[in-house]
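Participant: sequence unknown, structure follows:
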C-alpha cells in the first residue's frame, strides 16, 4: 500500500534539496561579496538556510519511514514539517534580503515539489488510516 510516486518524490526532493542548499549558500556568499549585505541579515539568511536543511533532512527521513512502513504518524509529522520548510522556501523566494532571479527559480521549483509531496502525503495518510 505504500505510495511509489510519493517515495519517488521524496528521493527527487532529497537530491534537489542538496542542489538547492549548495546553490543558495553560494549565492548568499556571492551576494555578501558583491552587494551591500548587512551582517545582521546575512546571519539571519544563513541561520534560516541551515535550519531549513536540518528540517528537510528530518522531514525526508520521517516521510520515507512513514511511507515504507505504512505508518500514518511519521508521515503526518513529515507533512507538518513540509509546511514549515515550504514557509522557509517562501522566505527565500520573497522576503530574503536580496533576491536574484536564480533564487526565484530554485525556490519556486522547491515549492512545487513540496506542494506535490503534501498532496501525495495526504492521500497516503488517508489510505493508511483505512
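Facilitator: Yes, it's here. Bear in mind the structure is a predicted one, so any value in this text is a computation, not a measurement. Residues are numbered from 1 along each chain as shown.
Participant: all helices of this protein, in order?
Facilitator: 4-34, 39-68, 72-90, 101-129 (DSSP state H).
Participant: okay, those in a markdown table with mean neighbour count and mean pLDDT next?
Facilitator: Yep, even glycine has a C-beta here, placed from its N, CA and C like the rest. Formatted as a markdown table, the helices of the chain follow (neighbours: other Cβ atoms under 10 Å; pLDDT from 0 to 100):
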| stretch | mean neighbour count | mean pLDDT |
| --- | --- | --- |
| helix 4-34 | 16 | 97 |
| helix 39-68 | 17 | 97 |
| helix 72-90 | 18 | 97 |
| helix 101-129 | 16 | 96 |
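Participant: need the phi and psi values for residue 37.
Facilitator: The phi/psi pair for residue 37 (degrees, to the nearest 10) reads phi -110, psi 110.
Participant: list the residues that contact it.
Facilitator: Counting by Cβ atoms under 8 Å, 6 or more residues apart in numbering, residue 37 touches 31, 97, 98.
Participant: spatially nearest residue to the last one (excluding sequence neighbours)?
Facilitator: Going back to what we said before, that points to residue 98. residue 31 (4.9 Å; Cβ to Cβ, 6 or more residues apart in numbering).
Participant: how much space between the one you found and residue 42?
Facilitator: 8 Å (Cβ to Cβ, to the nearest Å).
Participant: could you do residue 86 as well?
Facilitator: Distance from residue 86 to residue 42, by Cβ to Cβ: 23 Å.
Participant: residue 105 now?
Facilitator: The value you get for residue 105 to residue 42, if Cβ to Cβ is used, is 22 Å.
Participant: residue 93 too?
Facilitator: 18 Å.
Participant: who's in contact with stretch 28-35?
Facilitator: Residues outside stretch 28-35 that contact it (Cβ under 8 Å, 6+ apart): 37, 42, 45, 46, 49, 97, 98, 100.
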